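1. Got a sequence here, can you build the structure:
(chains A and B)
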Amino acid sequence: MNCAEYKELLVAYIEGLLDETEKRSVAQHLKDCAVCRAELKEAGNLHSRLVNNGKNLAQTNLEDVVLERIIREQNVRLKAANKAAAGLKLRRVIMKSPITKMAAAAVIIIAVLIGINPFRSTITFAEVIKPILNARTVIFDFIVGDDETGPLMHEIVVGSRIRRTISNLPNMTLIIDLENGEMLVLDTEEKTAAYVDIKGQLQERTRGYIEFVRKVLMELKDSPNIEKLGEQEIEGQKAIGFAGPNEEVKIWADPHTAVPIRVELRLGQLFVILKNFKFDVPIEDSLVSMDVPEGYTLEKKVIDFAEATEQDFIESLRIWADVLMDGKFPEAIGTENYMKQIPLVGEKLAKLNLSDDEAAKLGMTLPRGMFFFQLLETEGKFHYAGKGVKLGDADKAIFWYLPEGSETYRVIYGDLSVKDVAPENLPK
Amino acid sequence: MSETDQYYVERCLDGHPDDFRYLVRRYQGVLLAHLAGKLGNKDKAEEAAQESLVRAYFKMDSLEKPDLFFSWLLGIADRVAKEHQRREQIRRQREAIRSFSEEAPSPEFSQDYALEAAIAGLSETYRQVILLRYYGGQSCDQIANKLNMPLGTVTKTLSRAYAMLRESLQQHECSEIGEV
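-> From the prediction side, this is the model:
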């Protein structure tokens, strides 16, 4: 072997990879050859450098930190995936199916069906209420519930037309034509439109709610019972307050211009806040047009709002307990609670993997039941005792009310059976 | 620890994420050396190594040949290193614009940056053999097995790699002397 060939073996020599014969041969050559000895020294230096650097880096242990990062990343991914899946399913159930979409729309419309009971008091604060009575257009926000935690409805009112959006169903816009008893439901994301017939009770009650506010104010106008609440900071500005009898209505207004800032209404067991008023703002006709907007596909009408019955209400209680509350009746029922639950309805329905038809049936039953219930709610003639009661518990009364013109109460039990009960025999 | 890469990859895919630990243990040194050579800074190499491993974990189901885990991991590390370098470049440019200073902050080199940079400059086969031998703690037999080549070829590759590293280190020293 010549030097060049020996050089080739030096690394293997250092690494101890040569067999005995080769090893001896290399060792012998190194004794005789200074050039190769120098070469071995160089290679040896590099070898130590590599080994040292390897040892140095081996001191760093990435195991724990990498596994920790993986777990963290895994959680983030899971959450994102769940969220995406839930959002997707929710939209699929509520929005993809035209039927359930209508049901969701129904929830929104019935949510503001108030103003049935006549107001029997009179007050004077004509200046404050003038804008509400006379304005050609009104824009305001509407919240059900007294703590402002409920979803917020934004209302644009032009004559007998209302454009309504709700904060927890961001893709849905309703345009209501009170004159003709018709509603146009727009899904702004899917670009679909549908007409819903709201003639009859629904039309009356929707109309009622706008007129109701006016009526309340008109009646308060001449009342001697109006109470001045003094000045207070309301919605970030100075306001002067007026209260009707029993505080059924409170109005806060700008002390200088008398423009209303906030109206609070208590109707039986229903509490409503109206605020962020803008009066006589020019509003484009297209915003309250009943025509299908350009680029939207028209879907067929599917909602049925014929007279809602007690049976609808009982069915909605069943769904509420069974689907929304995992087998127990809720802490409280009412429009406010119900509106907060709207997104949950979609979410829970999605988990049941129902067919579109089944989901639609559930989705329709809920608002119909609520529709029936709202009459009782605004008149305050009901009692709910279902908190914590299990669905199926026949011994516990969960709800009773006095139907109009009736001497006996209707009492609904945990198994959703109903009995007529004389007032003296009502549950305590 | 003595099982093959393929075994651990499959364990991970079968829902035993904790077994990824063994792959981390096996290749962390290799990755660090590889990345330190590219990024010139031990802390950055560590960060990039972590990122490469985490990425590898989540991409494991796209690994078609689990027995090639090592080369695949190095490929991921290369991409991570490139991204880090690009970020670093942008950061420096921004810094330069902000401070009107032409001076880049001198990076904190790892202990033997010259050696790591020389390894990073080797072509793939040579680099892999060096990394596995000295940073992955594998014997030449094991390397022969992993890279699917005869032991003689591993020895020859190692020998050639030594020659190339020495050349590259010499050039590096010359250029340093030239700079002074």
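
2. longest helix in chain B, by residue count?
-> helix B:69-99 (DSSP state H).

3. Restricting to C-alpha, output the helix or strand following that helix in PDB.
-> Reading on from helix B:69-99 to the C-terminus, the next helix or strand found by DSSP states H and E is helix B:113-120. Taking C-alpha atoms only, helix B:113-120 is exported to PDB below (Å, rounded to 0.1, in the frame of the first residue of the first chain):
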ATOM      1  CA  TYR B 113     -19.500  27.200  15.400                       C
ATOM      2  CA  ALA B 114     -16.800  26.700  12.800                       C
ATOM      3  CA  LEU B 115     -17.100  23.000  13.000                       C
ATOM      4  CA  GLU B 116     -20.900  23.100  12.900                       C
ATOM      5  CA  ALA B 117     -20.900  25.400   9.900                       C
ATOM      6  CA  ALA B 118     -18.500  23.100   8.200                       C
ATOM      7  CA  ILE B 119     -20.800  20.100   8.800                       C
ATOM      8  CA  ALA B 120     -23.800  22.100   7.600                       C
END
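
4. Which strands or helices does the next helix or strand after helix B:113-120 pack on?
-> Next helix or strand after helix B:113-120 toward the C-terminus (DSSP H and E): helix B:124-130. Helix B:124-130 is packed against helix B:69-99, helix B:113-120, helix B:151-179, with contacts defined by 3 or more Cβ pairs under 8 Å, 6 or more residues apart in numbering or on different chains; DSSP states H and E. Backbone N, C-alpha and C define where each C-beta goes, glycine included.

5. roughly how far out does the shortest one sit from the chain middle?
-> I take that to be helix B:113-120. 10 Å (Cα atoms, centre = their mean, to the nearest Å).

6. what residues does it touch?
-> A:49-50, A:53, B:33-34, B:36-38, B:40, B:110, B:127, B:130-131, B:165, B:168-169, B:172-173 (Cβ atoms under 8 Å, 6 or more residues apart in numbering or on different chains).

7. quick check: angle from that helix to helix B:69-99?
-> With axes from the mean of the first three to the mean of the last three Cα atoms, to 10 degrees as the basis, helix B:113-120 and helix B:69-99 are set at 130 degrees to each other.

8. name the element residue B:7 belongs to?
-> Element membership for residue B:7, per DSSP H and E: helix B:5-13.

9. Give me the helices and strands touching that helix, please.
-> Helix B:5-13 sits against helix B:20-39, helix B:69-99, with contacts defined as 3+ Cβ pairs under 8 Å, 6+ apart.

10. Next up, the contacts around the residue lying closest to residue B:72 once chain neighbours are set aside.
-> Leaving aside its sequence neighbours, residue B:72 sits nearest to residue B:63 (Cβ to Cβ, 6 or more residues apart in numbering or on different chains; 5.6 Å). Contacts for residue B:63 (Cβ under 8 Å, 6+ apart) come out as B:9, B:69, B:72.

11. Out of the helices and strands packed on helix B:5-13, indicate the one that is most buried.
-> The highest mean neighbour count among those, using mean count of other Cβ atoms under 10 Å in any protein chain shown, belongs to helix B:20-39: a mean of 25.

12. does chain A sit close to that helix?
-> Yes - shown here: helix B:20-39 in contact with chain A (Cβ under 8 Å from any Cβ of the partner chain) through B:20-21, B:24-25, B:28-29, B:32-33, B:36.

13. hang on, the earlier thing: among the contacts of residue B:63, which one lies nearest to residue A:254?
-> residue B:72 (70.2 Å; Cβ to Cβ).

14. What lies in contact with stretch A:24-41?
-> A:1, A:3, A:6-7, A:9-10, A:13-14, A:18.

15. run the last query once more with 7 Å
-> Contacts to stretch A:24-41, defined as Cβ atoms under 7 Å, 6 or more residues apart in numbering or on different chains, come from residues A:3, A:6-7, A:9-10, A:13, A:18.

16. which ones are touching the spatially most central residue of chain B?
-> What sits nearest the mean C-alpha location of chain B, by Cα atoms, centre = their mean, is residue B:34, with 2.2 Å. Residue B:34 makes contacts with B:74, B:77, B:120, B:131, as judged by Cβ under 7 Å, 6+ apart.
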